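Asker: Provided below for reference: sequence and predicted model.
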Amino acid sequence: MTSRDEMFRNIVAEHQELVLNTCYRFVFNREDAEDLAQEVFVEVFRSFDQFREESKLSTWIYRIAVTKSLDHLRRVKRKKRFSSLKRVLGLADAADNIAAPSMNNPAEELASSERAKVLQDALDTLPESQKIAFLLSKQDGYSNQEIADILNTSLSAVESLVHRAKKNLYNKLYASYKKH
């Protein structure tokens, strides 16, 4: 085994959980997150020679994971729009709407999925920059300076993005739960 292969295996071992969790926080689907994590490491392997050490390796890998996750979400949105158009035109396959069976308690599964959907819907209403800054800060625990490095922006811009995201989420979640 070459030293490059060994180095890459160490990188994957060290960053695999971070990348998987990062992707999951964007897509809320374990299988998609695993696929995206694999894509991230393929990209890391392909472009490792371009890593210029201007930031930490973990920051560079994280930036790739965020980009891949956002690209995935954009593809899904395009697919949903196309699927909606197919339904309107009567071209949709009815089997596409059948959900896979769940192994959990149905009541627990429903409550959990409803809470996740409310949160995901609220997150989806945020501008992309606020959503990314919020997820990096509150879910991944990055400092504002690390987020500024990941997003290639200033510290004050990150502080503002996180503050506005929290305020917007609070308003949206409060309004949502007030209805119920």
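Answerer: Nice, I can see it.

Asker: next SSE after the helix or strand encompassing A148?
Answerer: Following DSSP states H and E, the helix or strand that holds A148 is helix 144-151. Of the helices and strands lying after helix 144-151 in sequence (DSSP H and E), the nearest is helix 155-179.

Asker: and that next one, what's buried?
Answerer: V158, L161, V162, R164, A165, N168, L169, K172 (16 or more other CB atoms under 10 Å). The way it works is simple: take the backbone N, C-alpha and C, and place the C-beta from them, glycine included.

Asker: closest to A13 out of the residues you listed?
Answerer: Set against A13, the nearest of the buried residues of helix 155-179 by CB to CB is V158 (29.6 Å).

Asker: the closest one touches L151, doesn't it?
Answerer: Yes: if you go by CB atoms under 8 Å, V158 and L151 touch, sitting 6.9 Å apart.

Asker: from A116, how far off is the residue most central in space within the chain?
Answerer: Residue closest to the average C-alpha location in the chain (CA atoms, centre = their mean): F26, at 1.8 Å. Separation of F26 from A116 (CB to CB, to the nearest Å): 13 Å.

Asker: cool, F48 as well?
Answerer: F48 is 35 Å from A116, where distance means CB to CB.

Asker: and the two? which has more neighbours close in?
Answerer: Using other CB atoms under 10 Å, the more surrounded residue of F48 and A116 is F48, with 14 against 11.

Asker: just give the closest residue to that one, not the sequence neighbours.
Answerer: Among residues not flanking F48 along the chain, F8 sits closest, at 7.4 Å (CB to CB, 6 or more residues apart in numbering).

Asker: show me where the protein has its helices.
Answerer: With helices called from DSSP state H, the chain shows them at 3-27, 30-47, 57-88, 106-125, 128-134, 144-151, 155-179.

Asker: check the spacing between Y174 and L18 real quick.
Answerer: 32 Å.

Asker: what of P127?
Answerer: Relative to L18, P127 is positioned 25 Å away (criterion: CB to CB).

Asker: more neighbours, those two?
Answerer: Neighbours per residue (other CB under 10 Å) separate P127 from L18, with L18 holding more: 15 against 12.

Asker: ok, the more buried one to L126 distance?
Answerer: 23 Å.

Asker: cool, L155 as well?
Answerer: Taken as CB to CB, the span from L155 to L126 is 20 Å.

Asker: okay, the angle between the helix holding A148 and helix 155-179?
Answerer: With axes from the mean of the first three to the mean of the last three CA atoms, to 10 degrees as the basis, helix 144-151 and helix 155-179 are set at 100 degrees to each other.

Asker: how far is helix 144-151 from where the chain is centred?
Answerer: Distance, stretch centre to chain centre, for helix 144-151: 16 Å (CA atoms, centre = their mean, to the nearest Å).

Asker: stretch 62-76 now?
Answerer: From the chain centre to the centre of stretch 62-76 is a distance of 7 Å (CA atoms, centre = their mean).
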